[in-house]
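# here's my sequence, what's the structure:
(chains A, B, C and D)
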Protein chains: 2
Amino acid sequence: MADNTPYAPARIRTLPSWLLGRAAARGHRLVGEALATEGIRMMHHAVLSAVAELGPLSQAELSRSLAIDPKDMVAIVNDLQREALLTRAPDPRDRRKNTVTISPAGQELLLRTEQLGDRANAELTAALTPEERAQLVSLLARIL
Amino acid sequence: MADNTPYAPARIRTLPSWLLGRAAARGHRLVGEALATEGIRMMHHAVLSAVAELGPLSQAELSRSLAIDPKDMVAIVNDLQREALLTRAPDPRDRRKNTVTISPAGQELLLRTEQLGDRANAELTAALTPEERAQLVSLLARIL
DNA sequence: GCCCTATCGTAGGGACAACCAACGAATTCG
DNA sequence: CGAATTCGTTGGTTGTCCCTACGATAGGGC
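Now for the predicted structure:
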């Protein structure tokens, strides 16, 4: 039997918004599956990575730097704190804030999840040369 | 007082999966807002466009060509049929299938929504030259 | 013709990301 | 000091994707 499945219509397939959606879905699935082996999710890993890189900071700063909704940040920090991957302590200089700091266990996990994330991204961009991947990253950064 | 907001950590910001997610979110928001002025949503517009381009076809074929879940397709076709933008009729040659056909009203609406979608995509890629945009489209198509 | 398998449309539910509105506590600014 | 703003938090909604399941129908092997 012939393959009579009609594939993505050209009108839609050439729209950046459509391609971005599909590519993001694939990336999300690949990275999600990879990180699942360490029992962590994308946003949690992103927060952990941001705390490690930017040092102790408030939840609001985290929300802004990662473009995550403050509401969602509460749940993420709750989860990470419950697993002792970071600490949340009231900021003595501004009692509205929580100072979020990565823990040694968080550092350790981050080493592994970063590798998993990198590998998933390598798979995601497997069809591209390193130069093309850099180009893609550059182009994406500019439309943000 | 200086701007002390920490911005996207480099470790995350250079991951294609992260950039794709953010860019897709922006594209989704822009296109969604644009199409909302015609009272239609992204997936509905995509289905309408696919039916117009590929001609009458079944819901399963639509689902595959657009990578939309069959369950979600049911709801979308329901909506579009309710607004008389397409017709859904049993296929006499295979009574399991529904033959989906775009209506004149659907064609007419599609003309407007395609323009809205194009304009939103132009805004999405406003920071890019036409060559760069074509490059982005090409790179995205290759990682799919 | 008859079983077995596959497909189609439809329905249920759930995971996850993104976003919006509001509120008390605390801080900062005019 | 009073007003406006920020912060953390709780409450929702929406959209996309995934898995399961079921009756009806179709096709292949025998």
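# neighbours around residue A:39, how many?
10 (other CB atoms under 10 Å in any protein chain shown). C-beta here means a position set from N, CA and C on the backbone, and glycine is covered the same way.
# helix or strand: which one has it?
For residue A:39, there is no helix or strand it lies in under DSSP states H and E.
# same deal with residue A:118?
Going by DSSP H and E, residue A:118 is in helix A:104-124.
# so is that helix next to chain B?
Yes: using CB under 8 Å from any CB of the partner chain, helix A:104-124 reaches chain B at A:114, A:117, A:118, A:120, A:121, A:124.
# now the buried members of the residues you listed.
A:114, A:117, A:120, A:121, A:124 (16 or more other CB atoms under 10 Å in any protein chain shown).
# so who does the first one touch?
By that I understand residue A:114. A:45, A:49, B:11 (CB atoms under 8 Å, 6 or more residues apart in numbering or on different chains).
# dump the residue contacts of the closest residue to the first one other than its chain neighbours.
In space, and not counting its chain neighbours, residue A:45 is closest to residue A:113: 4.9 Å by CB to CB, 6 or more residues apart in numbering or on different chains. For residue A:113, the contact set (CB under 8 Å, 6+ apart) comprises A:35, A:38, A:40, A:45, A:48.
# may I ask which helix or strand encompasses the last one?
Using DSSP H and E, the element containing residue A:48 is helix A:42-54.
# pull the residues that contact the helix or strand following that helix.
Remark: after helix A:42-54, the chain's next helix or strand is helix A:59-66, criterion DSSP H and E. Applying CB under 8 Å, 6+ apart, the contact partners of helix A:59-66 are A:43, A:46-47, A:50-51, A:54, A:68-70, A:73-74, A:77, A:88, A:97-98, A:100, B:5-9, B:12.
# from those, which are also near DNA strand D?
Restricting those to those within reach of DNA strand D (CB under 7 Å from any atom of the strand) leaves A:70, A:73, A:74, A:77, A:88, A:97, A:98.
# how about those in TSV, adding pLDDT and neighbour count?
Output for these, formatted as TSV (pLDDT from 0 to 100; neighbours: other CB atoms under 10 Å in any protein chain shown):
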residue	pLDDT	neighbour count
A:70	96	11
A:73	96	20
A:74	96	13
A:77	96	21
A:88	96	14
A:97	95	16
A:98	95	20
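# what helices or strands is the host helix or strand of residue A:138 leaning on?
Remark: residue A:138 resides in helix A:130-142, with elements defined by DSSP H and E. Helices and strands touching helix A:130-142, by 3 or more CB pairs under 8 Å, 6 or more residues apart in numbering or on different chains; DSSP states H and E, are helix B:16-36, helix B:130-142.
# quick one: closest of these to DNA strand D.
DNA strand D lies closest to helix B:16-36 among the helices and strands packed on helix A:130-142, at 6.5 Å (CB to the nearest atom of the strand).
# for stretch A:47-61, measure first residue to last.
When the termini of stretch A:47-61 are compared using CA to CA, to the nearest Å, they are 11 Å apart.
# list the buried ones in it?
Neighbour counts over stretch A:47-61 (16+ other CB under 10 Å) mark A:47, A:48, A:49, A:50, A:51, A:52, A:53, A:54, A:57, A:58, A:59, A:61 as buried.
# which residues of chain A score low on pLDDT?
A:1-8 (pLDDT under 70).
# near DNA strand C, which residues of it are found?
Counting by CB under 7 Å from any atom of the strand, the residues of chain A near DNA strand C are A:28, A:32, A:41-43, A:67-72, A:94-96.
# nearest to residue B:141, of those?
Nearest to residue B:141, judged by CB to CB, of those is residue A:28 at 18.0 Å.
# and the furthest pair within the residues of helix A:104-124 next to chain B?
A:114 and A:124 (15.2 Å).
# next up, the contacts around residue A:11.
The contact partners of residue A:11, by CB under 8 Å, 6+ apart, come to B:49, B:52, B:53, B:114.
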